[in-house]
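Trainee: what would the 3D arrangement of this be:
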Amino acid sequence: MEEQLFSRTDRRDAAATAALLRSLADDLESGIGFDALAGEDVDVGVPTEMDIEFEVDRVTTDDGETRDLAVELTWDPDDERAAEETESAGTDGPPTTDAADTTTGPTNAPGNATPDSQAAFEVYRDRADEWRWRLRHRNGNIVADSGEGYNRKRGAINGLESVQRNAPGADVELED
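Mentor: Prediction:
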């Protein structure tokens, strides 16, 4: 028996479609969910392993010919639970592909923030459709930001992780 949990059809140009697919890939790699489906009330979980199927069809009708590319990911829901248990145990998620950075997500990602934290990092898309991060105090004020946009969500996360790693003991230099 099959139950459809989510369906959406959009018409996008090639650049917007590529951006959506990159965002889905970033969401999958992050191990924290599919933010690309934001605004939709669907929780598909994030598997630790999955099967992927590619299918390309040529469809000929009286109106002409079209092409259909289908990408299907399937996984066992038990794999989702294993990923959630690993995450709640405090271990890191999937490895990144950047050899220079071996961390997998912000150290204050949901579920990892310290209870006495006065601020939280936010990773978001700006109006130019680039990824940025900002550090927002609990009073709502932005106390730091990335200062630049990134093409990939992972780039913004790498930037904020660099701040987290390198700033704790940073000197304060005052100019006259």
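
Trainee: residue nearest the centroid of the chain?
Mentor: In the chain, the residue lying closest to the centroid (Cα atoms, centre = their mean) is D27, at 3.0 Å.

Trainee: T66 reaches V56, doesn't it?
Mentor: No: with contact defined as Cβ atoms under 8 Å, T66 does not count as touching V56 (11.4 Å). No exception for glycine: its C-beta is placed from N, CA and C like everyone else's.

Trainee: returning to that earlier point: for the residue nearest to the centre of the chain, which three-state class applies?
Mentor: helix (DSSP: H, G, I helix; E, B strand; the rest coil).

Trainee: could you measure from it over to A170?
Mentor: From D27 across to A170, the span is 31 Å (Cβ to Cβ, to the nearest Å).

Trainee: before we move on, what about D10?
Mentor: Distance, D10 to A170, using Cβ to Cβ: 44 Å.

Trainee: so where's this structure shaky on pLDDT?
Mentor: Counting by pLDDT under 70, the ranges of the chain that qualify are 31-44, 79-116.

Trainee: L20: helix or strand, and which one exactly?
Mentor: helix 14-30 (DSSP states H and E).

Trainee: buried ones in that helix?
Mentor: A19, R22, S23, L24, D26, D27, L28, E29, S30 (16 or more other Cβ atoms under 10 Å).

Trainee: with stretch 145-156 instead?
Mentor: Buried residues in stretch 145-156 (16+ other Cβ under 10 Å): S146, Y150, K153, R154, G155, A156.

Trainee: any chance of TSV for those residues, columns secondary structure and distance to W75?
Mentor: Shown next, in TSV, are those (DSSP: H, G, I helix; E, B strand; the rest coil; distance: Cβ to Cβ, whole Å):
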residue	secondary structure	distance to W75
S146	coil	33
Y150	strand	29
K153	helix	22
R154	helix	22
G155	helix	27
A156	helix	27
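
Trainee: out of the residues you listed, which two sit at the greatest distance?
Mentor: Within the buried residues of stretch 145-156, two members stand farthest from each other by Cβ to Cβ: S146 and R154, at 13.1 Å.

Trainee: the nearest residue to W133 once chain neighbours are set aside in helix, strand or coil?
Mentor: Closest residue in space to W133, ignoring its immediate chain neighbours: L160 at 4.1 Å, by Cβ to Cβ, 6 or more residues apart in numbering. Taking three-state DSSP as the rule, one finds L160 in the helix state.

Trainee: ok, L160 touching V123?
Mentor: Yes: between L160 and V123 there is a contact under Cβ under 8 Å: 7.0 Å.
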